[in-house]
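Colleague: Okay, sequence plus prediction incoming.
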Amino acid sequence: IDKLRKLQLASGAFPWMNGLHEDRFISQHILAGIGQLQQIGQLKAKEDQLTDITDKLINYIVSAMKSGDDFYYDSHAWYALSYFPEKLSGTLNLQYKGYVQRVKKEWLTYNLYRQGLAALSLARMGEKSLANTIANSIKDRAVKTSDQGAYWPKARYGCFWYELPVETHCLMIEVLSELDPTSPLLPDLQLWLIRNKKVQQWGNSKATSMACYALLKQSGTLKSQDLPNIKMAGESIHNLAPAVKTEAYSGYLKTVFSDEEIRPELGNIDVSQAQSTSFGALHWQFTDEVQQLSAQSEGMSINRKYYLKSGSNYAEIKSSQQAKIGDRIKVVITLNADRDYEYLLLTDYRPSGTETTEQISKQGYQDGIFYYRTSKDVTTNFFINRLRKGSYVFEYELWVTQSGTFESGLCKIESMYAPEFRANSKSQTLKLGR
């Protein structure tokens, strides 16, 4: 509160950064944040200290709305003000009626975020019928999946503050939790938000704070201590590993079995799901001959082929074919992603007897994504900071430098911060001659 008081300008507004001029959106975002904290009961002991800050902020926003020249900002302003209906004066009635009439005529042309703003502000200020019509339309456009939850595919990144998918998704949870609190869609919306965090960052502190508010407001699932019952070989994990502790609030736990502790029946896992949303992963690591390993996929799939260059043409190398020293081989890696990912490492083990034609690390662009490629002694690595759902092809070339029969090793990709999402190809035997 002291920080807010120091940052607030004489006009009642807030700047984006200390030392800058007033910023209308940031001011409205702060007012909405104060309202949200009050709604979940986190400011009861400090409401008196916030009264002066809030009153000045509301006066600034009301004054800014009088120009009426930016309907995007005005839509967000009514949303922020709707947390404090008791503080709004009667002089705004005419302006509010004008806003309602405009929404009635135009809401079908709004993007998802603006529709959410309109639905909440109208519902809180008495226009329940129109608000419910908008909310029902929002629900009808959600896409539900069995494992990823529910989301809106058209909520994509754009250049502006009203074109951010995480913030939009959080706003939709707020809309339905107020207008249709028993909707069966709500748990699926929460699941998508949590699953999204497994493979991507929420983006920034603004998105993260909105996600936390949406999860806390939506239901009591995060407060629940009703945890899943996990059994291995028919015995509770807490009996098998008495030292394992469950983290307070989050319910997080982790244990490792190694060497003589591992026995085949531990592979029989039974999870009795609690009522609250939860997720986890099991990793069983072992070593084997590379040619015995099969292709694996979890969330992504990857395939690699080799092509021998002959003049200006390339022909796929079959098991019976032989490349010779001095020949040029193209490596073609096909990657399929079932969802959006961030921070991936694609590692391709090169066959012994070959060297990459490009040794220098560099940035690259292919099939709509940017990556950074490095070549090590035995691998070529692609660092990918963002990957959209879809299919992609990566290519690079090798020189044949030694003769013999060699295993190519695996080509694999892994989410750096959610390693259960990974895939690898099979190894391939290459015959290299003189």
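Modeller: Perfect, thanks for sending it. Numbers count the residues shown, from 1 in each chain.

Colleague: Can you get me a residue count around residue 287?
Modeller: Here the count is done by other Cβ atoms under 10 Å, and residue 287 has 6 residues near it. Every residue, glycine included, has its C-beta placed from N, CA and C.

Colleague: residues touching it, list them.
Modeller: With contacts taken as Cβ atoms under 8 Å, 6 or more residues apart in numbering, residue 287 has no neighbouring residues.

Colleague: same check, this time on residue 50
Modeller: For residue 50, the contact set (Cβ under 8 Å, 6+ apart) comprises 1, 4, 34, 43.

Colleague: Likewise for residue 147?
Modeller: Taking Cβ under 8 Å, 6+ apart as the criterion, residue 147 is in contact with residue 195.

Colleague: any idea how far it is from residue 386?
Modeller: From residue 147 across to residue 386, the span is 22 Å (Cβ to Cβ, to the nearest Å).

Colleague: how about the contacts of residue 50, which pair is most distant?
Modeller: 4 and 43 (11.7 Å; Cβ to Cβ).

Colleague: Mind jotting down where the helices sit in the stretch 151-300 of the chain?
Modeller: 165-179, 185-199, 205-218, 237-240 (DSSP state H, counting those that start in this stretch).

Colleague: I'd like the distance from the first one to the chain centre, please.
Modeller: So the one you mean is helix 165-179. Distance of helix 165-179 from the chain centroid (Cα atoms, centre = their mean, to the nearest Å) equals 15 Å.

Colleague: and if you look at the third one?
Modeller: Helix 205-218 has its average C-alpha position 13 Å from the chain's average C-alpha position, going by Cα atoms, centre = their mean.

Colleague: which phi and psi does the closest residue to residue 349 other than its chain neighbours have?
Modeller: Leaving aside its chain neighbours, residue 349 sits nearest to residue 409 (2.9 Å; criterion: Cβ to Cβ, 6 or more residues apart in numbering). Torsion angles at residue 409 (phi, psi; degrees, to the nearest 10) stand at phi 80, psi -180.

Colleague: How confident was the prediction at residue 409?
Modeller: Looking at residue 409, its pLDDT is 89.

Colleague: how close does it sit to residue 194?
Modeller: For residue 409, the distance to residue 194 equals 35 Å [Cβ to Cβ].

Colleague: Please give me every residue in contact with residue 207.
Modeller: Contacts of residue 207 (Cβ under 8 Å, 6+ apart): 164, 166-167, 170.

Colleague: now the lengthiest helix in the chain: mean pLDDT?
Modeller: In the chain, with assignment by DSSP state H, the single longest helix is helix 47-65. For helix 47-65, mean pLDDT is 88.

Colleague: List the contacts of the helix or strand that it is followed by.
Modeller: Using DSSP states H and E, the helix or strand that follows helix 47-65 in sequence is helix 71-81. Contact with helix 71-81 is made by 24-25, 28-29, 31-32, 35, 58, 61-62, 64-65, 68, 88, 96, 99, 102, 114, 117-118, 120-121, 125, 160, 162, as judged by Cβ under 8 Å, 6+ apart.
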